[in-house]
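> based on what follows, work out the 3D shape:
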Amino acid sequence: MPTINGLAYPDTPEDILADRNIGPLFKRFMVSEFNEDIVMFLQGRFDPKKIYKVFLSQGSRKQLNLSNDLFAQADTLAKAGNSSLRPWAKLLQEVHARLTSLVQQDHSDRFFLSDKFLECHALLLARAKARKVARTVGTKNVKATERAIRALALSETREANKIVAELQKSPAAWAKAEEPKKPDGVLKRNCKMLGIR
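I've put the predicted structure just below:
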């Protein structure tokens, strides 16, 4: 399971697609990479007859990128006329393993480096860490802290500095009623705590 800035993400394509936070993003990423048919196969639970007709027969409308051997096995099973799951199970496991491997090799790493994922990660990181950072900084303004973390995670240091400066100027934002003590090196310390370079 890849961990980025303390947030863990699923690593198998099925788990990524099932994740409520990044699943829809991964699906859009895969479709943009011309792999909608792989996504449909991995997410779908069809009977063998439909799988053969849609994905595994020669010239099917959503033919998958598989070896000739797997297509030959599918043709043999289809010609036998047995559409029960038992004879198809081994073939479907091989197809599933091949597609999972293909997606992990070609697309998962690129997805975790894509701009859309990084924006989503910044949002998730900000949500997860905002309260802790706000307490550390000494402010009650969690939303502004969340915006600052998001800006830092997106490498928008100037924006983050601006938000932190606004927080430090606002007397209502500081937790204690007495003279607010503005901590030095707020940005560096919180970047280090969040694991952001």
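> show me where pLDDT drops low in this protein?
34, 83, 85, 170-184, 186-187, 193-195, 197 (pLDDT under 70).
> angles on the backbone of the residue positioned nearest the centre of it, please.
In the chain, the centroid-proximal residue (Cα atoms, centre = their mean) is Ile22; its distance is 3.7 Å. Here is the backbone geometry of Ile22 (degrees, to the nearest 10): phi -110, psi -10.
> quick check: it vs Glu119, distance?
According to Cβ to Cβ, to the nearest Å, Ile22 and Glu119 sit 11 Å apart. Any C-beta I mention is one placed from the backbone N, CA and C, and that applies to glycine too.
> got it, and Gln104?
Gln104 sits 23 Å away from Glu119, going by Cβ to Cβ.
> picking up where we left off before, so for Ile22 and Glu119, which residues contact both of them?
Common contact partners of Ile22 and Glu119 (Cβ atoms under 8 Å, 6 or more residues apart in numbering): none.
> so where do the helices sit in the chain?
Along the chain, the segments classed as helices by DSSP state H run 13-18, 23-32, 36-43, 48-51, 68-80, 85-103, 109-113, 115-137, 142-153, 157-169, 186-194.
> okay if I get those as TSV plus mean neighbour count and distance to Thr3?
Formatted as TSV, the helices of the chain follow (neighbours: other Cβ atoms under 10 Å; distance: least, Cβ to Cβ, whole Å):
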stretch	mean neighbour count	distance to Thr3
helix 13-18	18	14
helix 23-32	17	17
helix 36-43	18	23
helix 48-51	17	35
helix 68-80	14	34
helix 85-103	15	20
helix 109-113	14	11
helix 115-137	17	11
helix 142-153	22	14
helix 157-169	16	22
helix 186-194	16	13
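> mind checking which of those is nearest Pro2?
If you check each of those against Pro2 by Cβ to Cβ, helix 109-113 wins as the nearest, at 6.4 Å.
> which residues does that closest one contact?
For helix 109-113, with Cβ under 8 Å, 6+ apart as the criterion, the contacting residues are 2, 4, 9, 16, 25-26, 29, 33, 117.
> coming back round to it: quick one, which of the helices of the chain gets closest to Ser57.
helix 68-80 (6.9 Å).
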